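1. With the sequence up front, the predicted model follows.
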Amino acid sequence: GETQIVLPVAFLLASQPTMPVSEARRRAGAEPHIGVLLQDVLGRGGSGNTHGDGPGAIENEAVSPSRNEGSGGGYAIGIDLGGTSMRAGAVAIADGKLIDEYVVIQVTDRSPDGILGSLSALVHTIQSRTSSKLVTIGVGQPGFVCDDGSIKCLANYSDWGQASVPIRSHLMATCGCDHVYVYDDADCALAGEVKYGAGKLHRSAVMFTIGTGIGTSAMLSNDGCVFRGARGLIEAGHAIVVSDPEAAATCQCPCGQSGCLEMMASGTAIAKAAVDRRLFDDDRLVTAERVVEASAAGDELADDILESAARYLSIGLVNAIRHYDPSVVLLAGGVAVEMHRRVCGIVSKLVWKLHRDCDEIPILLASCEQPGVLGAGAMAVRDWQSVMRGDTAKEYSPFLRGATERDRSALYDVCLCTGDAGMWVVLY
């Protein structure tokens with residue numbers, strides 16, 4: 001919490017704040033944007049210091065409209081780029097709630113230009129349906145994100161090769177939005193689930209999304225920041241769970257390794273095992289969902305295939321628990337319900353043999369509708385607000401050098417009551 005931050009507060013006790021905490025809290029409820037409150041405290045709005053050469057001397061300078069838009073109005077667009085479709089939704093900046101229904105576009109042109117065109121069309125559709133201002137865009141996608149916001153090596157678009165696709169610059173140019181952020185889709189799903197779904201009440205979380213592959217993500221504190229490591233290469237789906245050379249040779253992964261978790265426990269792996277072991281006699285497309293249906297109907301071979309996948313997934317979950325010690329593990333994806341039923345007992349036996357005195361880490365099913373969309377929007381809002389905070393700090397820091405202790409004390413109250421104690425550190 002804010003009160004635990006170590007701050008240079010000794011001087012704050014020397015005088016009564018210009019703006020009482022209750023007044024700062026009231027103001028924060030009416031207009032929570034930190035820039036507006038700083039403006040008021042520094043004398044721009046008529047209260048606070050009014051010395052001719054102090055902060056009050058710049059009262060004619062206005063806060064930029066974009067900053068007011070960030071708290072009192074405007075919206076973010078969250079986009080989830082998948083292998084066969086892309087989904088998007090508009091999220092209000094003020095309260096994080098979905099403004100309208102989700103928009104879905106089927107991917108027909110899988111070329112880089114086709115995907116970029118579809119993304120622009122998706123954003124324009126939402127813009128045409130939403131009257132307030134578009135502030136920021138977040139895009140979750142299954143590839144590697146470069147520093148410039150372009151993407152490459154997408155899992156579901158292997159025919160792209162090593163081509164770099166400029167998502168960020170394209171959307172900035174075609175949609176009139178200066179703040180576009182591109183993320184890993186698993187990170188977006190976790191952010192959405194932690195903010196809106198089953199992970200909402202937990203301090204930290206690890207999420208496994210079981211689909212074509214196995215997407216994984218970790219959030220190690222409740223600040224909404226996903227842990228990505230030094231180079232964004234954390235992929236528990238590519239953790240090696242089969243080490244025997246002979247056995248690993250039969251499960252070669254497209255990533256170049258052998259024995260990866262997703263080659264043993266993903267929806268694709270379950271379907272492949274069903275084909276290899278001739279579970280079905282017909283020529284219909286074999287999917288993991290069909291295997292689950294066969295198991296539910298009493299087919300022992302289908303049940304054995306799912307049990308094998310669950311054992312390997314349990315190894316992945318245990319390793320994640322050992323590495324991150326999260327307060328919750330979340331499962332999502334097409335066969336998550338079936339895997340959840342099978343893995344809980346296995347993981348419990350493996351983990352709590354060593355930690356009998358600890359509370360068990362719950363393994364929960366994801367419950368958020370479209371977590372990728374909502375998470376991309378939430379992450380974009382957070383990153384946009386961070387940029388705005390930095391701009392506000394640059395604008396106001398020079399005035400703090402000439403501010404009185406009373407002004408500084410009032411500013412601290414404002415930062416604390418708007419939930420933006422981090423700004424106090426930035427300002428100093």
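-> That came in fine, so what should we check first? Computed from a predicted structure; not experimentally measured.

2. and stretch 123-138, how far apart are its ends?
-> Counting by Cα to Cα, to the nearest Å, you get 11 Å between the two ends of stretch 123-138.

3. Please list the outside residues in contact with it.
-> 66, 69-70, 73-79, 88-90, 93, 99-100, 103, 171, 174-177, 179-183, 188, 375-381, 383-384 (Cβ atoms under 8 Å, 6 or more residues apart in numbering). (Glycine included, C-beta is placed from N, CA and C.)

4. now stretch 186-203, how far from the centre of its chain.
-> Put simply, stretch 186-203 sits 8 Å off its chain's centre (Cα atoms, centre = their mean, to the nearest Å).

5. same check, this time on stretch 236-254
-> Worked out by Cα atoms, centre = their mean, stretch 236-254 lies 29 Å from the chain centre.

6. Show me the shaky parts of the stretch 1-150 of the chain.
-> Applying pLDDT under 70 to the stretch 1-150 of the chain flags residues 1-72.

7. who's in contact with the spatially closest residue to residue 249 that is not a sequence neighbour?
-> Leaving aside its chain neighbours, residue 249 sits nearest to residue 258 (6.2 Å; criterion: Cβ to Cβ, 6 or more residues apart in numbering). By Cβ under 8 Å, 6+ apart, residue 258 lies in contact with 240, 242, 248-249, 251-252.

8. just checking, what packs against the helix or strand hosting residue 76?
-> Here residue 76, judged by DSSP states H and E, is contained in strand 75-81. In terms of contacts (3 or more Cβ pairs under 8 Å, 6 or more residues apart in numbering; DSSP states H and E), strand 75-81 is packed against strand 85-92, helix 112-129, strand 134-141, helix 185-196, helix 371-400.

9. List the buried residues of the first one.
-> If you call a residue buried by 16 or more other Cβ atoms under 10 Å, then strand 85-92 has these buried ones: 86-92.

10. now, among those, which is nearest to residue 298?
-> residue 87 (36.0 Å; Cβ to Cβ).

11. Can you verify my assumption that the closest one contacts residue 106?
-> No: in this structure residue 87 lies outside contact range of residue 106 using Cβ atoms under 8 Å: 10.5 Å.

12. Quick check: residue 220 vs residue 243, distance?
-> Distance, residue 220 to residue 243, using Cβ to Cβ, to the nearest Å: 28 Å.

13. between those two, which one's more packed in?
-> Higher neighbour count among residue 220 and residue 243: residue 220, with 16 against 9, using other Cβ atoms under 10 Å.

14. Quick check: that one touching residue 227?
-> Yes: checked against Cβ under 8 Å, the pair residue 220 and residue 227 is within contact range at 4.9 Å.

15. can you list residues touching both of those two?
-> Any residue near both residue 220 and residue 227 by Cβ under 8 Å, 6+ apart counts here, and that gives residue 324.

16. Can you report how many residues neighbour residue 95?
-> By other Cβ under 10 Å, neighbour count at residue 95 equals 6.

17. now do residue 132
-> Residue 132 has 14 neighbours, counted by other Cβ under 10 Å.

18. Relative to residue 360, how far out is it?
-> According to Cβ to Cβ, residue 132 stands 45 Å off from residue 360.

19. ok, now residue 130?
-> Going from residue 130 to residue 360 by Cβ to Cβ gives 44 Å.

20. nearest spatial neighbour of residue 104, skipping sequence neighbours?
-> Spatial nearest neighbour of residue 104, chain neighbours left out: residue 87 (5.0 Å); criterion: Cβ to Cβ, 6+ apart.

21. Please name the bridge partners of that neighbour.
-> Judged by DSSP bridges, the bridge partners of residue 87 are residue 80, residue 104.

22. give the contact list for it.
-> With Cβ under 8 Å, 6+ apart, residue 87 has these contacts: 79-80, 102-105, 370, 372-373.

23. let's see 10 Å
-> Going by Cβ atoms under 10 Å, 6 or more residues apart in numbering, residue 87 touches 78-81, 102-105, 122, 140, 370, 372-373, 376.

24. how about the strands in the stretch 151-300 of the chain?
-> Taking DSSP state E, counting those that start in this stretch to define them, one finds strands in the stretch 151-300 of the chain at 151-152, 180-184, 205-210, 214-219.

25. highest average neighbour count across those?
-> strand 205-210 (a mean of 28; mean count of other Cβ atoms under 10 Å).

26. shouldn't residue 167 be in contact with residue 180?
-> Yes: using Cβ atoms under 10 Å, residue 167 is in contact with residue 180, at 7.6 Å.

27. May I have the phi/psi pair for residue 162?
-> Residue 162 adopts backbone torsions of phi -100, psi 10, taken as degrees, to the nearest 10.

28. check contacts around it.
-> Going by Cβ under 10 Å, 6+ apart, the list of residues near residue 162 reads 152-153.

29. That one and residue 232, how far apart?
-> For residue 162, the distance to residue 232 (Cβ to Cβ) stands at 17 Å.

30. What of residue 176?
-> Counting by Cβ to Cβ, the gap between residue 176 and residue 232 amounts to 28 Å.

31. before we move on, what about residue 388?
-> Residue 388 is 24 Å from residue 232, by Cβ to Cβ.

32. who's more crowded, those two?
-> Between residue 388 and residue 232, counting by other Cβ under 10 Å, residue 388 is the more crowded of the two (22 against 14).

33. thought the more buried one was touching residue 179?
-> Yes: in this structure residue 388 lies within contact range of residue 179 using Cβ under 10 Å: 9.1 Å.
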